[in-house]
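S.K.: from the sequence below, what's the structure:
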Amino acid sequence: MPVLEPRRFPALDVRNYRLYWIGAVLTNNGRWAQYVATYFIIYQLTGSAAWVGMAGFANFVPMLLVSPVAGWISDNLDRRRLLRAVNGVAALTAAGMAVAWAAGLRSPGGWVGLFFLNGIVSGLMIPVGQAFVAECVPQGYLRNAITLNSTQFNAARALGPAIGGLILGIAGAGWTLAAVVLFYGPMVVCLSLMDPTELHRRVREPAQRAGRHPAVVADYRAAVRYVFASPGIVTAIVTVSFISALAMPVVQQVVVFAEDVFEVSPFLFGLLGSAQGIGAVLSAPMVAGVIGSLRPSTQQFAATAGYGLAVAAFALAPTYAMGFGALAAIGLTHLVSASNLNSVVQLQVDDAMRGRVMAIYMVGVLGPLPFSNLLVGWLISVYGPRPVVAVCGGLLVLAALVLRSSGRLAHLDTEFDT
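M.R.: Purely as a prediction, here's the structure:
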């Protein structure tokens, strides 16, 4: 059995990780504020849940397209420098959106194109950032660092939408997008302040040092074979794919509930979007402590079933306040699931394969999302938001029961039992 750490968050004692964590939580606030502005824009221009689904498709499908490249560069290039460059490009992309709005771009198709470009940048940033977490801390602190990384993401999910909604309500969409540019600066600064000699990166193989890198496609195929030979990693990918397909589209459709179901202001819409992050942040000490000491299979069954029940509760919430509470419960279950599955993958993967395997894992996280966004958006436009989201929640509970009864979840315990 694993021994609990004497401190709740020991990873924060490591200076490089502390810098990364601070930069990430500030930058992710900007990303969530950007999501609030962009989904608000597309819904205001079209009044259509189907177009909101299309926006989600455009944001996430490019991440799948760049996955092989993202995994290869993560394993073969300096991740710290790469993250610094990609964050700079993300700032330019955000600036481009602000300029487009100020210049009068009101075509939904034009905005979907900008979302696609933003998705390419995110597709490079996310898997590299996930792999870089393991580079910032010693192996013994990795699970704690991953939990903290999930917590900072959800802390930003708590504050970022509220910031976006506040600026949106006071100054409009253009100024919200312009403010996002400033949020990418902290990560660039924090990455620059790190001590590269204290990073825990594997020694590169002789062929790599000589510059004779394997082809991207062949390298990716080797990583896919590696994943299929690892039952725990396969189970993590299958589980997160169910969650991505059935629960994550709810985030994109919160604007529909805010506008058509609860009929609230843009600021309250932003606040509603922050509910998941608030739930996650408030539960973070429990996730790092008592829940984190449970077997990964036990954590995952409870998180996946609880996720589905919370989604169904949000769909049926009769008031804004009850909807807020249901979204907070989604945030709790999301934090448990995200930190647990990410830990399983990071602890079971060989370091030499880490970047490519994390890129494949992100395909599980993001792969179903563009298509489920399209489908859920269309179904909501036909049948309304409440029944569609309630059915999604019920199906996720069913998926949890199937994974548990089939014995698949037991594969998550491999590293826990060693």
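S.K.: hang on, isn't E259 packed against P266?
M.R.: No: counting by C-beta atoms under 8 Å, E259 does not reach P266; the two are 9.3 Å apart. C-betas here are computed from N, CA, C, even on glycine.
S.K.: the more surrounded of these two?
M.R.: P266 (24 against 17; other C-beta atoms under 10 Å).
S.K.: got a list of what the more buried one touches?
M.R.: P266 sits next to 40, 165, 168-169 when contact means C-beta atoms under 8 Å, 6 or more residues apart in numbering.
S.K.: distance check, it against V216.
M.R.: Note on P266: its distance to V216, by C-beta to C-beta, to the nearest Å, is 43 Å.
S.K.: same question for V357.
M.R.: Distance from V357 to V216, by C-beta to C-beta: 15 Å.
S.K.: leaving out chain neighbours, which residue sits closest to I22?
M.R.: Closest residue in space to I22, ignoring its immediate chain neighbours: C190 at 5.8 Å, by C-beta to C-beta, 6 or more residues apart in numbering.
S.K.: count the neighbours of the one you found for me.
M.R.: 22.
S.K.: report pLDDT for it.
M.R.: Reading off the confidence values, C190 has pLDDT 95.
S.K.: please identify the helix or strand for L159.
M.R.: In this structure, L159 sits in helix 142-171 according to DSSP states H and E.
S.K.: whoops, F60 was the one
M.R.: Using DSSP H and E, F60 sits in helix 49-65.
S.K.: now the angle between helix 49-65 and the helix or strand that comes right after that helix, please.
M.R.: Where DSSP H and E defines the elements, the next helix or strand beyond helix 49-65 is helix 67-76. Relative orientation of helix 67-76 versus helix 49-65 (axes from the mean of the first three to the mean of the last three C-alpha atoms, to 10 degrees): 40 degrees.
S.K.: tell me what helix 67-76 is packed against?
M.R.: The helices and strands touching helix 67-76, judged by 3 or more C-beta pairs under 8 Å, 6 or more residues apart in numbering; DSSP states H and E, are helix 108-136, helix 216-228, helix 354-366.
S.K.: in the first one, what's buried?
M.R.: Of the residues in helix 108-136, those scored as buried under the neighbour-count criterion (16 or more other C-beta atoms under 10 Å) are 108, 111-112, 114-116, 118-136.
S.K.: just checking, what packs against it?
M.R.: By 3+ C-beta pairs under 8 Å, 6+ apart, helix 108-136 packs against helix 15-46, helix 49-65, helix 67-76, helix 79-102, helix 142-171, helix 320-348, helix 354-366.
S.K.: tell me the most buried of those helices?
M.R.: Mean neighbours per residue, mean count of other C-beta atoms under 10 Å, is largest over the helices and strands packed on helix 108-136 for helix 354-366, with a mean of 26.
S.K.: now do the helix or strand just after that one: everything it contacts.
M.R.: Per DSSP H and E, the first helix or strand lying C-terminal to helix 354-366 is helix 368-383. Helix 368-383 is contacted by residues 48-61, 64, 241, 244-246, 248-249, 252-253, 256, 388-389, 392 when judged by C-beta under 8 Å, 6+ apart.
S.K.: same deal with stretch 217-226?
M.R.: Applying C-beta under 8 Å, 6+ apart, the contact partners of stretch 217-226 are 67-68, 71-72, 75, 213-214, 350, 353, 356-357, 359-360.
S.K.: pretty sure Y361 sits against V344.
M.R.: No: counting by C-beta under 8 Å, Y361 stays clear of V344, with 9.7 Å between them.
S.K.: shared neighbours, those two?
M.R.: 233, 236.
S.K.: and C136, what is it in contact with?
M.R.: 11, 14, 16-17, 20, 145, 199-200 are the contacts of C136 under C-beta under 8 Å, 6+ apart.
S.K.: where does the stretch 1-150 of the chain dip in pLDDT?
M.R.: For the stretch 1-150 of the chain, residues meeting the criterion pLDDT under 70 lie at 1-8.
S.K.: what's the answer for the stretch 301-418 of the chain, then?
M.R.: Applying pLDDT under 70 to the stretch 301-418 of the chain flags residues 415-418.
S.K.: ok, Q252 - contacts?
M.R.: 39, 52-53, 55-56, 373, 376-377.
S.K.: could you redo the last one with a cut-off of 6 Å?
M.R.: 52, 56, 373 (C-beta atoms under 6 Å, 6 or more residues apart in numbering).
S.K.: excluding its backbone neighbours, what's nearest it?
M.R.: G56 (4.2 Å).
S.K.: ok so, going back, need the helices and strands packed on helix 108-136 in JSON lines (columns: distance to Q300).
M.R.: Output for those, formatted as JSON lines (distance: least, C-beta to C-beta, whole Å):
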{"stretch": "helix 15-46", "distance to Q300": "24"}
{"stretch": "helix 49-65", "distance to Q300": "23"}
{"stretch": "helix 67-76", "distance to Q300": "23"}
{"stretch": "helix 79-102", "distance to Q300": "28"}
{"stretch": "helix 142-171", "distance to Q300": "14"}
{"stretch": "helix 320-348", "distance to Q300": "6"}
{"stretch": "helix 354-366", "distance to Q300": "14"}
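S.K.: angle of the helix or strand containing V402 against helix 49-65?
M.R.: Take DSSP H and E as the rule and V402 turns out to sit in helix 385-405. Interaxial angle, helix 385-405 versus helix 49-65 (the same axes, to 10 degrees): 40 degrees.
S.K.: which strands or helices does helix 385-405 pack on?
M.R.: helix 231-246, helix 296-316 (3 or more C-beta pairs under 6 Å, 6 or more residues apart in numbering; DSSP states H and E).
S.K.: switch the cut-off to 7 Å
M.R.: helix 231-246, helix 249-256, helix 296-316, helix 368-383 (3 or more C-beta pairs under 7 Å, 6 or more residues apart in numbering; DSSP states H and E).
S.K.: what angle do helix 296-316 and the second one make with each other?
M.R.: With the same axes, to 10 degrees as the basis, helix 249-256 and helix 296-316 are set at 20 degrees to each other.
S.K.: what distance do you get for L332 to T151?
M.R.: From L332 to T151 the distance is 12 Å (C-beta to C-beta).
S.K.: list residues touching both of those two?
M.R.: Shared contacts of L332 and T151, defined by C-beta atoms under 7 Å, 6 or more residues apart in numbering, comprise A280.
S.K.: return the member of the contacts of stretch 217-226 nearest to A85.
M.R.: W72 (15.8 Å; C-beta to C-beta).
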